[in-house]
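Undergrad: For reference, the sequence and a predicted model appear below.
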Amino acid sequence: MKLSIFRVLHKTAALRRVAKRIPPHWCFLADGLGIDLAVRFYPHARRNVQSLAALLSKRLGPIAARRKARDYLLYRRWQNHLEVGWENWARRIDDFVRMEGTGYLDETLARGSGAVLLSGHYYGLDRLVDPILAQKGYAISRWANPVDSQSVEDRWGKGDFKRWKLLDFHGDSWHHTQMILQARRQLKENRLVHLSLRGQRNGKSEFRVESDYGRFFLEAKGVALLELLGAPVLPCFAMPGARGTVVIKFYPPLEPVPDRILQSFGGLYSGYLNEHPEYSRIWRRLVRGDAWW
Amino acid sequence: MHGGDDMELREISHRVGKLVQRLIDPGAKDAGAAPDFVLGEDGSFDSVWALRLVLEIEKIFAISVNDEDVVPENFRDVTSLTKFVARKLSGVGGEN
């Protein structure tokens, strides 16, 4: 865990009252300034920007590529800071969160069979979707393989966590199956289940997605599971907006049929990657040729 | 399906064996997997396969499988799966 002024401010009991009063967009501006200084004076940050800009400049040209490479660093940091500051900011999310397409979400839930929210793996501000929706009053479970064993409360601090559960996928096939059955039960209880569809290096042509980082294939196993769970699937992307805001956009529900999911979600994901390649937080895995990303 | 009393263990075993065989090889036309057939022995066991198996078992035997039921003791081989289904049908070990 990195120690930073931001973390000290938000996690030290004596300073929390101050942290709560600082508007998130001030912190976002400070992050932007910090990134610009880091790129100028810190060789590691400069190398990061240069390597990503070199990749993106083939399609976007050097100026736009460099700006996007800088934004990649900025939004990685900003997501981390939103997580660290969440317990102090959760009560004021209307100041920095905007949701679009909630009509699709509410209409789907009104049918009573739950809904699966589908995002791109490590794309955009996807980790914010669950605490934000829980805070907004939705019952939601996050399907994830967390990097640590912290509970939701430990990781995110205060907030409306009674409505949020973590389906921890860390384990063997037995455990995976148990978690899938838990997800199924929660869908039957008309909850939301949020998962991010991973990419893999090899796959069928209909699963193919092209990006600046290379070609990859949507995870066939994930799509098969969606079909078996049988709940409607809503593509959902959490993107950075102006001045550090978070914009969560929901798309019309899809029947859990692989072809429809691939066409619709695959098309949306390709579009986002094309327009905002900088919001992919683990693009290096694809460039490196890892089996999964 | 009205409960374990109505269905002989042998009949359950036969149907479970046929189901397992069908999931392993959808084109298979033989009698079904042997009682000592270990699930996943052919490398096919993963969460998608297991979920398919659970959904089929629920449909065929009109029982409900919970997440805590999916443990190696119940799903190790055709015999253990048969006993699990029989327990569920007789109402032992949870609601069916």
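TA: The structure has been received and is ready for your questions.

Undergrad: for chain B, what are the nearby residues on the stretch 51-200 of chain A?
TA: A:173-174, A:176-182, A:185 (C-beta under 8 Å from any C-beta of the partner chain). For the C-beta atoms, the positions are set from N, CA and C on the backbone; glycine is no exception.

Undergrad: which of these has the most neighbours?
TA: residue A:177 (26 neighbours; other C-beta atoms under 10 Å in any protein chain shown).

Undergrad: so what's the nearest residue to that one once chain neighbours are set aside up against?
TA: Nearest residue to residue A:177, sequence neighbours excluded (C-beta to C-beta, 6 or more residues apart in numbering or on different chains): residue B:50, at 4.1 Å. When contacts are counted by C-beta atoms under 8 Å, 6 or more residues apart in numbering or on different chains, residue B:50 touches A:173-174, A:176-177, B:70, B:75.

Undergrad: for whichever helix or strand residue B:50 is part of, which positions count as buried?
TA: Per DSSP states H and E: residue B:50 is located in helix B:47-61. By 16 or more other C-beta atoms under 10 Å in any protein chain shown, the buried positions in helix B:47-61 come out as B:47-51, B:53-55, B:57, B:61.

Undergrad: Same list (those residues) but as JSON lines, adding pLDDT.
TA: Shown next, in JSON lines, are the buried residues of helix B:47-61 (pLDDT from 0 to 100):
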{"residue": "B:47", "pLDDT": "84"}
{"residue": "B:48", "pLDDT": "87"}
{"residue": "B:49", "pLDDT": "87"}
{"residue": "B:50", "pLDDT": "89"}
{"residue": "B:51", "pLDDT": "91"}
{"residue": "B:53", "pLDDT": "92"}
{"residue": "B:54", "pLDDT": "94"}
{"residue": "B:55", "pLDDT": "94"}
{"residue": "B:57", "pLDDT": "94"}
{"residue": "B:61", "pLDDT": "93"}
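
Undergrad: List just the nearest of these to residue A:33.
TA: residue B:47 (45.6 Å; C-beta to C-beta).

Undergrad: How about the closest one: what's its closest non-neighbour residue?
TA: residue A:176 (3.7 Å).

Undergrad: Isn't the one you found up against residue A:167?
TA: No: the pair residue A:176 / residue A:167 is not scored as a contact, 9.8 Å apart, by C-beta atoms under 8 Å.

Undergrad: Between all of the contacts of residue B:50, which two are separated the most?
TA: Going by C-beta to C-beta, the pair spanning those furthest: A:176 and B:75, at 12.9 Å.

Undergrad: just to revisit the earlier point, could you redo the contacts of residue B:50 as TSV and give each row distance to residue A:228 and pLDDT?
TA: Shown next, in TSV, are the contacts of residue B:50 (distance: C-beta to C-beta, whole Å; pLDDT from 0 to 100):
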residue	distance to residue A:228	pLDDT
A:173	15	82
A:174	17	84
A:176	13	87
A:177	11	89
B:70	14	89
B:75	17	89
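
Undergrad: was I right about residue A:164 contacting residue A:130?
TA: Yes: counting by C-beta under 8 Å, residue A:130 is a contact partner of residue A:164 at 5.7 Å.

Undergrad: what number of residues lie near residue A:128?
TA: Residue A:128, neighbours per other C-beta under 10 Å, totals 18.

Undergrad: quick one: it and residue A:247 touch, right?
TA: No: between residue A:128 and residue A:247 there is no contact under C-beta under 8 Å: 10.4 Å.

Undergrad: which residues are in contact with both of the two?
TA: residue A:238.

Undergrad: circling back: tell me which helix or strand the residue nearest to residue B:47 sits in.
TA: Short version: residue A:176 belongs to helix A:173-188, going by DSSP H and E.

Undergrad: Can you tell me the strand partners of the next helix or strand after that helix and which way each runs?
TA: Next in sequence after helix A:173-188, counting helices and strands by DSSP H and E, comes strand A:192-197. Strand A:192-197 has the following strand partners under DSSP bridges: strand A:115-120 (parallel), strand A:140-144 (parallel).

Undergrad: how about JSON lines for the ones you listed, with mean pLDDT added?
TA: JSON lines is the format used below for the strands paired with strand A:192-197 (pLDDT from 0 to 100):
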{"stretch": "strand A:115-120", "mean pLDDT": "96"}
{"stretch": "strand A:140-144", "mean pLDDT": "88"}
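
Undergrad: Tell me which of these is the most buried.
TA: Greatest average neighbour count among those goes to strand A:115-120 (a mean of 25), per mean count of other C-beta atoms under 10 Å in any protein chain shown.

Undergrad: pull the CA atoms of that strand into CSV?
TA: What follows is strand A:115-120, C-alpha atoms only, in CSV (Å, rounded to 0.1, in the frame of the first residue of the first chain):
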residue,chain,number,x,y,z
ALA,A,115,-30.1,-8.4,-14.3
VAL,A,116,-26.4,-8.9,-15.1
LEU,A,117,-24.4,-5.8,-15.7
LEU,A,118,-21.6,-6.4,-18.1
SER,A,119,-18.4,-4.3,-18.3
GLY,A,120,-15.0,-4.6,-20.0
